[in-house]
Structures are given as C-alpha cells and as structure tokens.
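1. The following comprises the amino acid sequence and a computationally predicted model.
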Amino acid sequence: MTRSEPPVLVLGATGGQGGAVLRALRDAGWPVRALVRDPAAPAAARLAAAGVELAVGGFTDRAALAAAMSGAAAAFALTTPFESGVDAEVAQGRAILGAATDAGLPHLVFASVAGATAGTGVPHFESKAAVERELAAGDVPHTVVAPTYFFDNALGGAAQLRAGVLALPLPADHPLQQLDRDDLGRFVAEVLAAPGEYAGARVELAGDAPTPAQMAHDLGAALGRPVRHEHVPLESITSPDMSAMWRFLNGDGYQADIAALRRDHGTVGWTRFGTWADRTFSGDSD
C-alpha cells in the first residue's frame, strides 16, 4: 500500500546506495521521486516504468535540486568524489544543502562515511566531513548516516573471486566492519518513519566485521570452490586516496557499534557477510 504523504526525493537512485534506499522506501509504502541526469537513460526509464516519479538535474545544479525537493517530505542525498575529485564533492554538498534551504525541505538524510569526523586524513573522508560541518552549521533538519565498507565492494574483483582469490590490503586476521547496501536502505526508511527522533543525529552503520580469512571462507562456501585471501601490499596502491583509506583500515579503522545497532534497530536485519555471499553467488557454484 502506498502512503498518502508527499514523496521522498532520492539522489543517486540509479546507483548502489540510492537504489537501495529507493527500494526500501517503496517497500515501506513511500511514494518516491528520483533525481536523474537523463530521464531517457535505461536505468531511469526502468524507474519511471515502475511508477517512480522522475526529476531531472545534477548534483551541483542548485536550482534543479531545489525544484526536485519542492513539495517533498524529505530527501536522501549523497555526494561523490570519484567522478571529479574531492573539491567537486564539497561543491555537490553545498549545492544540495543550498537547495534544501531554498526549498524549505522538512528533512534531509545525508550519506557520509564512517570515520569521516575522526580526522583520518583520507581525502574522500575529509571532503564528506566538510559537507557534514556545513550541514551542522545550517538550518536544515537532518540526519547523517555513515556507512562503513560495503559488502559488494568485493565484486570489483568478481573475476578474481571466481578464480579463487580474494585480494585485499589487509592481514588475514584483521576485522573489517562492513555493511549490506540493503541494510542502509532499511535504516534510512526507519529514520524517515520517525524523523524527529533522528533530528541532528549521526549514526555509523555496519552489520558485520569479518576478517579477510572469514570472507574468503564464506565466499568459497557460496561459490562451491576454495577461495584464498591474498594480502595486497599497501605500497602497491597507487591512488593516494585509496592508499590513505587502507592505511586507516589497517589501523583502528571503523568504529561503528554493531552490538548497539543490532539491539536498537533489529528490524533493519543487519545482514552477515556469509548471508550476503550466499545470496549474491546463489546459482554460481559448480
């Protein structure tokens, strides 16, 4: 059943995070409006065919963002440095926050990253921290959700996984807090069901903290063939941003309170890595 409330605007609705949020909101009965750059693109056309309202604009187009936010009950927003760099990410954040102010948006859920406020020096953490500071200094009612490492980041090496290798720049016994994107979506839906309870809150999200050895075991079980962990030397990572991130993760890393999340937000589900691996590679085993 669809709610009678105004729609929730979802930025990045054709991507991983936004797509998960859109699905969770629709499952909860919310009408959804998706911001897309090209409504004729196949992914956008599929959303429209499924009954999602489309709004057209980019992450730095303040006027288009404000128009998309007009009349919305809330918005889910994210920024990205991976197309044009960290300065561009901060510019995206400023446009989004400015648009939310212009539109009188009732509530903004901003997706940052766990550890962003810890002074890690990781470039794409620091750019999100800059957006968070501007959000906190403004007048837009908001909640910050800060995910850890996503399970499906492992799929960047899917061919290697199927060849029996999980390559990660971590020791085999070093835990890595991680999250299923669908759990992010369900948490955002929970926030928007009671936005007043989360006003001004910043919540770091993780559902599991497997070691690379455990990940390799679970992936092997899902694939029906052995998978071994290969420790990638940090010195081999050529991207300064990624090198800084993996150095952070080799230290104390993310500090989400998984036990508290499971206790206080049990309806989210908090998927285990092995469950995600089974679901992802179902039918892929020999």
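-> Noted; the coordinates are in hand.
2. Now do the helices for this structure: every range, in order, please.
-> Here the chain has its helices, by DSSP state H, at 16-27, 42-49, 62-69, 86-103, 123-137, 158-162, 181-193, 212-223, 240-250, 258-264, 273-280.
3. Show me what the fourth one is packed up against.
-> Applying 3 or more C-beta pairs under 8 Å, 6 or more residues apart in numbering; DSSP states H and E, we find helix 86-103 packed against helix 62-69, strand 108-111, helix 123-137. C-betas here are computed from N, CA, C, even on glycine.
4. Could you list the buried residues of that helix?
-> 86, 88-101, 103 (16 or more other C-beta atoms under 10 Å).
5. Same check on the third one?
-> Residues Arg62, Ala64, Leu65, Ala66, Ala67, Ala68, Met69 are the ones in helix 62-69 that count as buried (16+ other C-beta under 10 Å).
6. between the helices of the chain, which one is nearest to Ala116?
-> Counting by C-beta to C-beta, Ala116 lies closest to helix 123-137 out of the helices of the chain; the figure is 4.4 Å.
7. By mean pLDDT, show me the worst of the helices of the chain.
-> Ranked by mean pLDDT, the helices of the chain bottom out at helix 158-162, which scores a mean of 91.
8. got the CA coordinates for that helix in PDB?
-> Extracted as PDB, the C-alpha positions of helix 158-162 are listed here (Å, rounded to 0.1, in the frame of the first residue of the first chain):
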ATOM      1  CA  ALA A 158      34.500 -10.700  -9.100                       C
ATOM      2  CA  ALA A 159      36.600 -12.400 -11.800                       C
ATOM      3  CA  GLN A 160      39.400 -12.900  -9.200                       C
ATOM      4  CA  LEU A 161      36.900 -14.300  -6.700                       C
ATOM      5  CA  ARG A 162      35.600 -16.800  -9.200                       C
END
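9. in it, what counts as buried?
-> So, applying 16+ other C-beta under 10 Å, buried residues of helix 158-162: Leu161.
10. In terms of secondary structure, what does that helix contact?
-> Packed against helix 158-162, as judged by 3+ C-beta pairs under 8 Å, 6+ apart, are the following elements: helix 212-223.
11. Same list (the buried residues of helix 62-69) but as JSON lines, adding distance to Glu53.
-> Output for the buried residues of helix 62-69, formatted as JSON lines (distance: C-beta to C-beta, whole Å):
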{"residue": "Arg62", "distance to Glu53": "20"}
{"residue": "Ala64", "distance to Glu53": "15"}
{"residue": "Leu65", "distance to Glu53": "15"}
{"residue": "Ala66", "distance to Glu53": "16"}
{"residue": "Ala67", "distance to Glu53": "13"}
{"residue": "Ala68", "distance to Glu53": "10"}
{"residue": "Met69", "distance to Glu53": "13"}
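12. give the contact list for Ser239.
-> Shown in contact with Ser239 (C-beta atoms under 8 Å, 6 or more residues apart in numbering): no residues.
13. let's number from 149 now, not from 1
-> All set: I'll call the first residue 149, so the last point we hit is now Ser387.
14. What does the pLDDT read for it?
-> 95.
15. do you know how far it is from Leu314?
-> Note on Ser387: its distance to Leu314, by C-beta to C-beta, to the nearest Å, is 20 Å.
16. Just put the helices of the chain in TSV and tack on distance to Pro381.
-> Output for the helices of the chain, formatted as TSV (distance: least, C-beta to C-beta, whole Å):
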stretch	distance to Pro381
helix 164-175	28
helix 190-197	37
helix 210-217	42
helix 234-251	25
helix 271-285	21
helix 306-310	16
helix 329-341	29
helix 360-371	14
helix 388-398	10
helix 406-412	29
helix 421-428	24
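17. quick one, which of those helices is nearest to Leu382?
-> Closest approach to Leu382 among the helices of the chain (C-beta to C-beta): helix 388-398, 5.9 Å.
18. List the buried residues of the closest one.
-> Asp389, Ser391, Ala392, Met393, Trp394, Arg395, Phe396, Leu397.
19. tell me the angle it makes with helix 234-251.
-> 80 degrees (axes from the mean of the first three to the mean of the last three C-alpha atoms, to 10 degrees).
20. May I have helix 388-398 as PDB, with CA atoms only?
-> What follows is helix 388-398 as a C-alpha-only set of coordinates in PDB (Å, rounded to 0.1, in the frame of the first residue of the first chain):
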ATOM      1  CA  PRO A 388      46.800   8.500  -2.700                       C
ATOM      2  CA  ASP A 389      43.200   8.500  -1.600                       C
ATOM      3  CA  MET A 390      42.900   4.700  -1.600                       C
ATOM      4  CA  SER A 391      46.300   4.300   0.000                       C
ATOM      5  CA  ALA A 392      45.300   6.600   2.800                       C
ATOM      6  CA  MET A 393      42.000   4.700   3.300                       C
ATOM      7  CA  TRP A 394      43.600   1.300   3.500                       C
ATOM      8  CA  ARG A 395      46.200   2.600   5.900                       C
ATOM      9  CA  PHE A 396      43.400   3.800   8.100                       C
ATOM     10  CA  LEU A 397      41.600   0.500   7.800                       C
ATOM     11  CA  ASN A 398      44.800  -1.400   8.700                       C
END
